[in-house]
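# Please find the sequence and the predicted model below.
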Amino acid sequence: MNRTDALKILGLCDPIDEARIKAAFRSRVKDVHPDINPTSDALLRLLIVARDLLLEPSLPAPVAHHSPAVTDLVITPHQAIHGGESVCEIPVTFDIIEQDQTVQSLSHLRRVSLCLPKGLRHDEVLELKDGQLCPAQGQPAHTHNFQIKIILDERITIAGNDIWMTVDVTPDILKNGGQTMVETPSGTRSITLQGPVKSGSSLKLPGAGLPARAGFKAGDLHLRLMAKAVTGYNAANLLTRFNARWG
């Protein structure tokens, strides 16, 4: 609430003084006092806030602000790379100034839909500002911060800008070389090996890690090649497996 709002709520216009403010408050409060009209509690609070703001301009008006706590935002590797939509709940606190000038804080959870940018990094901190996620610049009261947590398992690790994955390759391809298909967070890719290659060896695909974004350079994709019999998949099966793991 600002000074203009307070004047409108009390039905006043400049110039004003303490006597006019108190008289206007007493006049308006008669119609909304809870003892007379139990449904007018919210308006009564607004009248109290408006009166106090005009009597003491330095007194902070009640504002809705986000909790300074950082909320963990858990996302999949696919979301980290490609961005997309995510829904989460954030705590919101309202400060209400009572008639005796004491402050009462009320908290609740607000469900918000977030538009994730591409190329998010693990443990990166972003702030929600004007409905958009952007790199955190501080902790002002009107923003809310999120720390990115990318879901990992024993077959994939994200370190900085790079992605490290374990992929299964048939022993025949490792021994003799050849072309094989591997599933990655950015889709199914074809790689060609020059055999023989030992099981557990690594293959780096430059620039195929997390994409460049907001001060971060593009990362590399490191594939750890493990010998394992792999059943052949047609295109439909590959898409189904890709969506199940990364979608």
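Looks like it came in fine. Residues are numbered from 1 along each chain as shown.
# Now do the contacts for residue 162.
209, 210, 219, 220, 221, 222 (C-beta atoms under 8 Å, 6 or more residues apart in numbering). Using the backbone N, CA and C atoms, a C-beta is placed for each residue, glycine as well.
# burial count for the third one?
By the other C-beta atoms under 10 Å criterion, the neighbourhood of residue 219 contains 22 residues.
# Also the last one?
The criterion is other C-beta under 10 Å. On that basis, residue 222 has 18 neighbouring residues.
# Assess the claim that it and residue 202 are in contact.
Yes - counting by C-beta atoms under 8 Å, residue 222 touches residue 202, with 5.5 Å between them.
# What ranges does the chain have for its strands?
Using DSSP state E, the strands of the chain run over 64-66, 71-75, 84-97, 103-116, 125-129, 132-135, 144-150, 156-159, 162-169, 178-184, 187-193, 202-205, 221-227.
# Of all those, which one comes closest to residue 43?
Residue 43 sits nearest to strand 84-97 of all the strands of the chain, at 13.0 Å, using C-beta to C-beta.
# got a list of what the nearest residue to residue 18 once chain neighbours are set aside touches?
Counting by C-beta to C-beta, 6 or more residues apart in numbering, residue 18 lies nearest to residue 55, which is 6.4 Å off, once chain neighbours are set aside. By C-beta under 8 Å, 6+ apart, the contact set of residue 55 is 18, 21, 22.
# Tell me the one of these nearest residue 84?
Of these, the one sitting nearest to residue 84 (C-beta to C-beta) turns out to be residue 21, at 51.6 Å.
# which ones are touching the closest residue to residue 195 other than its chain neighbours?
Counting by C-beta to C-beta, 6+ apart, the nearest residue to residue 195 once its immediate chain neighbours are dropped is residue 177, at 3.1 Å. The contact partners of residue 177, by C-beta under 8 Å, 6+ apart, come to 192, 193, 194, 195, 196, 197.
# And for the closest residue to the first one other than its chain neighbours, the neighbour number?
Residue nearest to residue 192 in three dimensions, not counting chain neighbours: residue 179, with 4.9 Å by C-beta to C-beta, 6+ apart. Taking other C-beta under 10 Å as the neighbour definition, residue 179 ends up with a count of 9.
# For residue 179, give its distance to residue 46.
Counting by C-beta to C-beta, to the nearest Å, the gap from residue 179 to residue 46 is 71 Å.
# returning to that earlier point: closest one to residue 12 out of the contacts of residue 162, please.
Checking these one by one against residue 12 (C-beta to C-beta), the nearest turns out to be residue 210, at 56.9 Å.
# what are the phi and psi angles of the nearest residue to the closest one once chain neighbours are set aside?
Nearest in space to residue 210, with sequence neighbours left out and distances taken as C-beta to C-beta, 6+ apart, is residue 219 at 4.5 Å. Main-chain dihedrals, residue 219, degrees, to the nearest 10: phi -100, psi 180.
# Contact partners for residue 219?
Contacts of residue 219 (C-beta under 8 Å, 6+ apart): 160, 161, 162, 163, 207, 209, 210.
# at 10 Å instead, please
Taking C-beta atoms under 10 Å, 6 or more residues apart in numbering, we find residue 219 in contact with 81, 119, 121, 158-163, 206-212.
# Many thanks, have a good one.
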